[in-house]
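> below are the sequence and a predicted model; questions follow.
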Amino acid sequence: YVCNEIPLSAQCGYGHYLDDDRFLTDMIERTEDTIRRDRNRPCVTLWSVGNENDCCPVLRKVLRYAKACDPTRPCFFPMQGRHMMAFADNPIPEVDLYSGHYLKMHELDVLLPKLDKPLLMTEYSHSNGEGFGNFEKTFARMLKEEKMVGGSIWCFHDQCLETDGADAEDQ
């Protein structure tokens with residue numbers, strides 16, 4: 001299953017232009033291009049609007065546009081923990097599910113009772129060094145919680161190295 005991220009280039013939530021109406025046309029164009037390109041791929045199950053950014057008025061317009069372009073798939077904002085915590089206190093009806101990246105157990109304790117829709121951990125672990133530290137604990141929590149519908153490991157496959165095995169003895 002593919003969660004297709006509409007590329008708004010918000011590098012971990014620091015794209016301040018995401019709340020600037022002057023860039024709305026460009027963001028709508030990227031949204032339309034992505035959905036047009038991938039809407040007939042059966043593996044695409046979700047549209048992710050941005051990456052690790054908060055929910056701002058301009059992005060809400062982009063999300064509404066994505067839903068109009070393809071009303072058959074859920075749309076959501078994948079948020080960093082701090083943004084997700086704030087969003088849970090003031091959710092918007094346009095999102096079809098909630099999505100947090102690297103949420104901690106104490107954050108889940110606070111979030112889950114507040115949520116009226118499923119929570120997808122779009123990134124809960126990664127293969128860049130220490131990222132698998134809470135893997136088992138988070139995975140167990142996803143299986144236990146009724147409101148949690150799964151999660152993703154960021155860059156799981158891309159971090160592998162292919163070798164011819166010639167240096168295997170030196171490792």
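Happy to help now that I have it.
> the chain: helices as residue ranges?
Assigned by DSSP state H, the helices in the chain fall at 24-38, 57-69, 81-89, 105-111, 135-144.
> quick one, which of the ones you listed gets closest to L18.
Nearest to L18 among the helices of the chain is helix 57-69 (5.7 Å), distances taken as C-beta to C-beta. To be clear about C-beta, it is placed using only N, CA and C from the backbone, and glycine gets the same treatment.
> counting contacts, what elements does the closest one pack onto?
helix 24-38, strand 44-49, strand 75-76 (3 or more C-beta pairs under 8 Å, 6 or more residues apart in numbering; DSSP states H and E).
> would you mind finding the most buried of the ones you listed?
strand 75-76 (a mean of 25; mean count of other C-beta atoms under 10 Å).
> neighbouring contacts of that strand?
46-49, 63, 66-67, 94-99, 120 (C-beta atoms under 8 Å, 6 or more residues apart in numbering).
> quick one: strands adjacent to that strand?
strand 44-49 (parallel) (DSSP bridges).
> so how far is the partner strand from its chain's centroid?
Strand 44-49 has its C-alpha centroid displaced from the chain centroid by 9 Å (C-alpha atoms, centre = their mean, to the nearest Å).
> just want the angle from that strand to helix 57-69.
150 degrees (axes from the mean of the first three to the mean of the last three C-alpha atoms, to 10 degrees).
> quick check: I6 touching V62?
Yes. In terms of C-beta atoms under 8 Å, I6 counts as a neighbour of V62; the distance is 7.5 Å.
> any residues in contact with both of the two?
Common neighbours of I6 and V62 (C-beta under 8 Å, 6+ apart) are T31, V49, G50.
> quick one: contacts for the first one?
Taking C-beta under 8 Å, 6+ apart as the criterion, T31 is in contact with I6, V49, V62, Y65, A66, C69.
> ok, so of those residues, who is nearest I35?
Distance to I35 across those (C-beta to C-beta) is lowest for C69, with 4.5 Å.
> so where's the chain uncertain?
Filtered on pLDDT under 70, the chain yields the residue ranges 9-16, 127-133, 155-171.
> do you know how far L46 is from N40?
15 Å (C-beta to C-beta, to the nearest Å).
> state the distance from the closest residue to Y98 other than its chain neighbours to D54.
Spatially, and ignoring its direct neighbours in sequence, Y98 is nearest to L119 (4.7 Å; C-beta to C-beta, 6 or more residues apart in numbering). Taking C-beta to C-beta as the criterion, L119 is separated from D54 by 17 Å.
> please identify the buried residues of stretch 135-152?
T138, F139, R141, M142, K147, M148, G151, S152 (16 or more other C-beta atoms under 10 Å).
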